[in-house]
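Chemist: Got a predicted structure here, sequence first:
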Amino acid sequence: MKILFWNCRGIGNFKTKLTLKNLCLSHNPDLVFLAEPMIIPDMIKTNFWCALNLKLFVVNNRENHITSLWGLCSPGLDPSILAISNQHISISLSMENKNLNVCAVYAHTNHVNRRSMWLDIQVDLLATQRPWCCIGDFNATLGTDECRSATLPSRASTNEFLSFINSSTLVNISTPGAQFTWTNKRRGNALIEKKLDTSLYCKRLIKEHWHTDVIGSPMFILIQKLKRLKKELKHWNYNVFGNIHQMVKMAKANMDTIQSSINEFGTDEALLDQEALAQNELLKALIWKRVGDSILSEQNDIADHVQQFYTNLFGSPNLTSTNALIQSVIPELVSDADNLFLTMLPSSEEIKQAVFSMSGDSSPGPDGFGGYFYQQCWDIVHLDMCKSVK
């Protein structure tokens, strides 16, 4: 399923309509949410939505004010409305025999007025056990790394947003593209840039597939659960992020178009900026490994090369001979009590500390899961993890 959220800041003008048309024709989204349309829905003719293969099915409730959030979907879908407020819309729908709940958000700019929205969404999340996706303009940042300005972002706003995510067992989805999604378009010290648009998903998918009965030793149980979950997450990843190979083709085509324009019309600031952005997008899309003068693009070739590299780096013949040199020159400094302490099984807290001391961005292990997964889902996987270690 593809979901498009766009703060269009006025859907009534021709330029915005054309941009929306290009977005829909390029990505063919199943759901579209428009924030700040700035007009009443009746001002857009039905045939415009039909041309985009969309239909308007819901707007938010702002009582006597113009609606600030519209929901559209492909004609074949029939979403059910779970909740509507002045800052969010929650829906439920079925697609390809899969059930999903979606919460679209256009939050108030004042963090005090957002407090009621946090509570409303949490009620929606608890009302059903289906997988959830929360997407939209939350008008809040998760930390200083999501804001670039002369002043720090509001601590109260950040803490309340983080508290909402943690208490709702939501996970922030990292997205490609621009680092900041909003700017006040000023210059110098007055410039403010923030990442206000966020996508969140509920860890319920992991919880549902993790709590399945597996018979065997603790290590066998852990391995089997990871294998099952990996299969489900692969399917989810494809549905969320799409075909990465097609993304590479699109990034290359965009790069070629911009460079052709530079060759034809000469260089100017706008084209150079576009070229820099296109190069960045292409680098993000490409997954390859250079070996000498050749490039490996197949995953199996890359995996074999990496394995062989570290085998050659750390592998060495294990040549040993028996002698009593160590026993004769090194006294016994480890007492029986010390030896018992060193060989005792680690506690659950020690295992947790070891997991959380890992870098979240470290390379995944043989199971395919990196440190970030275990840290974010510790509340779900910790029992099986601790049993397998002990």
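Modeler: Nice, thanks for sending it over.
Chemist: which residues of the stretch 51-200 of the chain score low on pLDDT?
Modeler: Within the stretch 51-200 of the chain, the stretches with pLDDT under 70 are 176.
Chemist: Span of stretch 198-206 from start to end?
Modeler: This stretch, stretch 198-206, spans 20 Å end to end (CA to CA, to the nearest Å).
Chemist: just how off-centre is that stretch within its chain?
Modeler: Between the centre of stretch 198-206 and the centre of its chain there are 9 Å (CA atoms, centre = their mean, to the nearest Å).
Chemist: same thing with stretch 84-97?
Modeler: That offset, for stretch 84-97, works out to 19 Å (CA atoms, centre = their mean).
Chemist: same question, stretch 109-123
Modeler: With CA atoms, centre = their mean, you get 22 Å for stretch 109-123.
Chemist: Name the surrounding residues that touch it.
Modeler: With contacts defined as CB atoms under 8 Å, 6 or more residues apart in numbering, stretch 109-123 is touched by 83, 85, 87-88, 90, 103, 105, 107-108, 134, 138-140, 154, 156-157, 160, 163-164, 167-168. Every C-beta, even on glycine, is put in place using the N, C-alpha and C of the backbone.
Chemist: repeat for stretch 218-228
Modeler: Here stretch 218-228 has contacts from 209-210, 212, 214-216, 367-369, 381, 384-385, 387-388, 390, using CB under 8 Å, 6+ apart.
Chemist: And for Asn61, the neighbour number?
Modeler: Per other CB atoms under 10 Å, the neighbour tally for Asn61 reads 14.
Chemist: For it, give me its contacts.
Modeler: Taking CB under 8 Å, 6+ apart as the contact definition, Asn61 lies against 67, 84-86.
Chemist: Now do the buried residues in the longest helix along the chain.
Modeler: Longest helix in the chain by number of residues, with DSSP state H as the criterion: helix 218-241. Of the residues in helix 218-241, those buried under the neighbour-count criterion (16 or more other CB atoms under 10 Å) are 221-223, 225-226, 229, 233.
Chemist: returning to what we had before: just the closest of the contacts of Asn61 to Asp256, please.
Modeler: Thr67 (41.0 Å; CB to CB).
Chemist: Compute the distance between that closest one and Asp42, please.
Modeler: Thr67 sits at a distance of 11 Å from Asp42 (criterion: CB to CB, to the nearest Å).
Chemist: Of these two, which one has the most company?
Modeler: Set side by side, Thr67 and Asp42 show more neighbours around Thr67, with 19 against 8, by other CB under 10 Å.
Chemist: Can I take it that the more buried one is in a helix?
Modeler: No: assignment of Thr67 by DSSP: H, G, I helix; E, B strand; the rest coil gives coil, placing it outside any helix.
Chemist: which residues touch it?
Modeler: By CB under 8 Å, 6+ apart, the neighbours of Thr67 are 37, 40-41, 59-61.
Chemist: Which entries within the contacts of stretch 109-123 meet the buried criterion?
Modeler: Buried subset of those (neighbour count, 16+ other CB under 10 Å): 85, 87-88, 90, 103, 105, 107-108, 134, 138-140, 157, 160, 164, 168.
Chemist: Let's see which of those end up in strands.
Modeler: Counting by DSSP state E, the part of those found in strands is 88, 90, 103, 105, 134.
Chemist: Rebuild the residues you listed as CSV, extending it with distance to Asn263.
Modeler: Formatted as CSV, these follow (distance: CB to CB, whole Å):
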residue, distance to Asn263
His88, 47
Ser90, 50
Cys103, 46
Val105, 43
Cys134, 44
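Chemist: for the stretch 251-390 of the chain, what spans make up the helices?
Modeler: 269-285, 299-314, 325-329, 336-343, 348-356, 371-376, 378-389 (DSSP state H, counting those that start in this stretch).
Chemist: Okay then, goodbye and thanks.
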